[in-house]
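**Student:** 3D, please:
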Amino acid sequence: MNKATLKYKIFNKIIYSEFRKHSENRFLSQDNLFELKFSMKKDKSENMIYSGSLSWIDQQRPSIGLVILDLKIELDFAPSLSNLKVYQHGYQSWSFTSTYTEEEKDTSPKLLGFLRYGQENIYTDHSDKAGNFISEALLLAHSNSEDKGFIIGVNEVGDQNTKFQILWDKQRVVSLTIIYDFYCSPEFKINTPLELTQVKLESFEKTSPEMILEEFGLALGKKYKVKPFEEDVPTGWCSWYYYYTNISEAIILSNLHEVKNRKLPIEFFQIDDGYQNEIGDWTVVNEKFPRGVRFLAEEIRKQDLKPGIWLAPFLVRKKSSFFTLYPEAILKDEKGNPVPAIWNPLWGMDYTYTLDVTHPKSIEFLEELFKTFTRDYGYNYLKLDFLFSASLMGVPYNKRLTPSERYRQALELIRKVVGKNTFLLGCGAPLIPSIGIFDGMRIGCDVTPFWYPEIKRRLLKDKHALSTEKGLINTITRSFMHRNLWLNDPDCLIVRKEKNKMTPSQTILMATVMAMSGGILLVSDNLVTIEPDRVEILEKAIELSKLCQKKKSIPLGMFGNSFPRGFLNQAGFFGVWNPTEKDEWIELSIPLKIKLNDTVDYWTGEKIFSLEIDNTLRKIKVMLKPFQAIVIGVKN
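**Tutor:** I've put the predicted structure just below:
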């Protein structure tokens with residue numbers, strides 16, 4: 001360890017205290033108030049494991065105004081690796097995840113705060129400087145020219161959100177730092193230190209970084225006994241991306257009828273936002289649902305489908321009954337004002353707020369809410385949205401818990417209430433503390449009926465901005481989580497022509513990435529009016545998805561382009577695409593030797609004459625038109 005610095009505050013005074021070495025693996029803060037124990041040892045695979053703890057050592061009890069903010073530990077690790085690209089992992093479901101060179105900047109939409117706390121870790125300050133990045137939970141660096149690199153990541157869920165800061169130039173890593181987020185007032189007890197989240201550092205060479213990520217996800221999932229997902233991956237319909245909040249009982253029933261009329265091979269039918277009278281009043285439906293959502297669950301089951309419904313369980317608006325009756329159970333800031341969780345104009349022009357999930361009234365509310373939807377209404381598929389709000393900055397009822405602990409305990413309560421047979425799908429969720437709780441997890445931003453992010457979001461340097469392009473990138477870059485931590489949800493497929501600005505090629509590219517990922521596939525079109533030629537795309541997408549769901553998909557070219565160019569699915573499919581506006585020769589390395597069944601594209605039935613495969617060099621090469629996507633059957 002090169003150095004360690006604790007950041008804390010006493011009331012409004014922020015203090016930085018560096019640690020000095022006292023003895024082997026033991027360090028004392030310069031203000032003589034804290035002790036840091038920090039050790040490193042090698043595991044059986046020669047990977048470095050970092051463990052530690054933080055203790056209060058002063059004879060007097062800590063001040064009642066003490067809040068531990070974060071702890072930064074700079075490691076003694078600065079390898080000389082040239083031309084590194086760094087994989088920056090995002091904090092929650094919607095956070096953009098991609099690779100960067102030393103010339104690119106770690107940007108954040110700082111001009112609009114609600115974009116930042118609704119998409120990023122609010123406790124992370126991004127530098128907006130070149131070659132200075134913070135990555136959440138894990139960071140992977142790879143030199144293509146030297147064919148070597150390293151990965152550093154959490155080795156457990158832990159009690160603190162843990163992230164990694166890297167400074168690097170064209171020739172070397174300048175520094176690598178672990179950052180532990182506390183943001184709480186812990187109860188320091190004698191001989192009971194605060195344990196730091198364990199971290200693992202692994203160096204590798206002559207191994208694809210995509211496979212290293214896969215091994216990371218597999219190891220973390222095994223540690224938390226993530227179930228093997230032996231049943232089929234969910235396929236279904238969702239109301240959101242055609243109707244948004246403008247749904248009604250009649251709309252739900254008409255689409256339900258079309259599922260059976262068209263004989264779509266799906267299992268789930270999900271009602272999204274728009275049924276409730278108010279955000280926070282989930283059991284009170286609006287006038288568009290005269291017979292309530294229990295009636296709809298019964299109708300869905302009559303069609304041999306599993307009923308699903310959307311909830312944002314931690315969110316409340318000022319007009320909700322809970323906010324009115326229990327204002328003390330709303331998360332507040334230090335001035336006693338409710339903490340804004342999100343600004344969503346679909347719900348109103350004012351802010352939406354969040355429960356203090358540690359407050360007894362909030363706990364009681366959550367218990368009753370989930371009992372009602374599962375036991376009384378009969379929903380065994382629940383999509384839980386905007387979950388990040390449980391860990392927002394504020395002054396909770398239980399100040400001793402870190403934001404990560406607050407969030408995790410709320411999830412554990414929910415899982416206990418709904419039982420193991422209810423499928424829980426997370427969305428807008430901090431990812432690492434969700435491991436072992438959820439069956440499925442959104443791993444990218446909302447898709448859109450257009451390809452690129454809106455220009456205003458690009459001007460704001462909002463790399464997380466909603467778009468199909470961004471969502472598909474995350475589907476590829478987070479594929480290592482699928483079947484290791486949960487079933488990945490790439491968000492809904494949109495194939496219709498109506499209310500869709502995407503070209504036919506972009507639509508097929510979207511269907512290709514989603515289907516080949518092997519993840520959850522939900523269609524979100526109006527099944528009554530969808531055009532016949534688009535029904536053909538939908539049916540082929542579902543068919544391909546069901547074939548690819550049986551095996552893992554390995555991303556190809558993650559460290560070549562921001563939008564990786566391919567997937568190799570071990571069920572016997574190779575997919576490659578050109579997500580640009582110009583013709584492009586795609587050249588990719590492949591981790592396994594493959595043999596083509598033929599060169600006929602799954603979508604068009606036409607031969608791809610430009611496709612070349614070199615199994616000696618493990619390379620493929622193909623010329624593709626703008627936004628063209630192809631799928632070829634292979635033997636591996």
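**Student:** wait, residue 413 sits on residue 365?
**Tutor:** No: between residue 413 and residue 365 there is no contact under CB atoms under 8 Å: 10.8 Å. In this view, the C-beta of every residue, glycine as well, is placed from N, C-alpha and C.
**Student:** which strands and helices sit next to the one helix or strand in the chain whose mean pLDDT sits lowest?
**Tutor:** Lowest on mean pLDDT, DSSP states H and E among the helices and strands of the chain sits helix 113-117, with a mean of 77. Counting contacts by 3 or more CB pairs under 8 Å, 6 or more residues apart in numbering; DSSP states H and E, helix 113-117 packs against strand 340-342.
**Student:** what pairs with the strand it packs on, and is each one parallel or antiparallel?
**Tutor:** strand 352-354 (antiparallel) (DSSP bridges).
**Student:** Might you calculate how far the following helix or strand past the partner strand sits from the centre of the chain?
**Tutor:** Sequence order places helix 360-371 as the next helix or strand after strand 352-354, per DSSP states H and E. In terms of CA atoms, centre = their mean, to the nearest Å, the centre of helix 360-371 is set 25 Å apart from its chain centre.
**Student:** So what touches helix 360-371?
**Tutor:** Residues from elsewhere that reach helix 360-371 (CB atoms under 8 Å, 6 or more residues apart in numbering): 282-283, 311, 313, 322, 326, 328-329, 355-357, 382, 397, 410, 413-414, 417-418.
**Student:** Which secondary structure element is home to residue 8?
**Tutor:** Going by DSSP H and E, residue 8 is in strand 3-10.
**Student:** and if you look at residue 39?
**Tutor:** Residue-wise, residue 39 maps onto strand 34-42 under DSSP H and E.
**Student:** Quick test: name the residue nearest the centre of the chain.
**Tutor:** residue 93 (2.6 Å; CA atoms, centre = their mean).
**Student:** Show me what the residue lying closest to that residue once chain neighbours are set aside is bridged to.
**Tutor:** Excluding the flanking residues, the one nearest residue 93 by CB to CB, 6 or more residues apart in numbering is residue 442, at 4.2 Å. With DSSP bridges as the criterion, residue 442 is bridged to residue 489.
**Student:** Burial check on residue 442, number of neighbours?
**Tutor:** 29 (other CB atoms under 10 Å).
**Student:** Do I have it right that residue 583 meets residue 610?
**Tutor:** No: with contact defined as CB under 8 Å, residue 583 does not reach residue 610; the gap is 10.5 Å.
**Student:** which residues do these two both contact?
**Tutor:** residue 623.
**Student:** which secondary structure element contains the residue of the chain positioned farthest from its centre?
**Tutor:** Centroid-distance maximum for the chain: residue 59 at 43.1 Å, with CA atoms, centre = their mean. Counting by DSSP H and E, no helix or strand carries residue 59.
**Student:** per-residue pLDDT, it?
**Tutor:** Looking at residue 59, its pLDDT reads 89.
**Student:** Just read off the phi/psi values of it.
**Tutor:** The phi/psi pair for residue 59 (degrees, to the nearest 10) reads phi -70, psi -30.
**Student:** which intervals of the stretch 501-636 of the chain have sub-threshold pLDDT?
**Tutor:** The stretch 501-636 of the chain contains residues with pLDDT under 70 at 636.
**Student:** what about the helices in it?
**Tutor:** Ranges of helices in the stretch 501-636 of the chain, per DSSP state H, counting those that start in this stretch, are 504-517, 532-548.
**Student:** and what of the stretch 201-350 of the chain?
**Tutor:** Under DSSP H, counting those that start in this stretch, the stretch 201-350 of the chain gives helices at 209-223, 240-243, 249-261, 292-302, 321-325.
**Student:** Format those helices as a markdown table; extra columns: distance to residue 559 and mean neighbour count.
**Tutor:** Shown next, in a markdown table, are these (distance: least, CB to CB, whole Å; neighbours: other CB atoms under 10 Å):
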| stretch | distance to residue 559 | mean neighbour count |
| --- | --- | --- |
| helix 209-223 | 6 | 19 |
| helix 240-243 | 31 | 22 |
| helix 249-261 | 41 | 17 |
| helix 292-302 | 44 | 18 |
| helix 321-325 | 47 | 16 |
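**Student:** Just put those helices in a markdown table and tack on mean pLDDT and distance to residue 351.
**Tutor:** Below are the helices of the stretch 201-350 of the chain laid out as a markdown table (pLDDT from 0 to 100; distance: least, CB to CB, whole Å):
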| stretch | mean pLDDT | distance to residue 351 |
| --- | --- | --- |
| helix 209-223 | 95 | 35 |
| helix 240-243 | 98 | 22 |
| helix 249-261 | 97 | 29 |
| helix 292-302 | 98 | 26 |
| helix 321-325 | 98 | 12 |
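**Student:** out of these, which comes closest to residue 470?
**Tutor:** Among those, helix 240-243 comes nearest to residue 470, with 15.2 Å by CB to CB.
**Student:** by contact count, what packs against the closest one?
**Tutor:** Partner elements for helix 240-243 (3+ CB pairs under 8 Å, 6+ apart): none found.
**Student:** From the chain's centre, how far out is that helix? Work that out for me.
**Tutor:** Centre to centre, stretch against its chain (CA atoms, centre = their mean), the figure for helix 240-243 is 21 Å.
**Student:** so what pLDDT did residue 19 get?
**Tutor:** 98.
**Student:** I misspoke; the intended subject was residue 440.
**Tutor:** 97.
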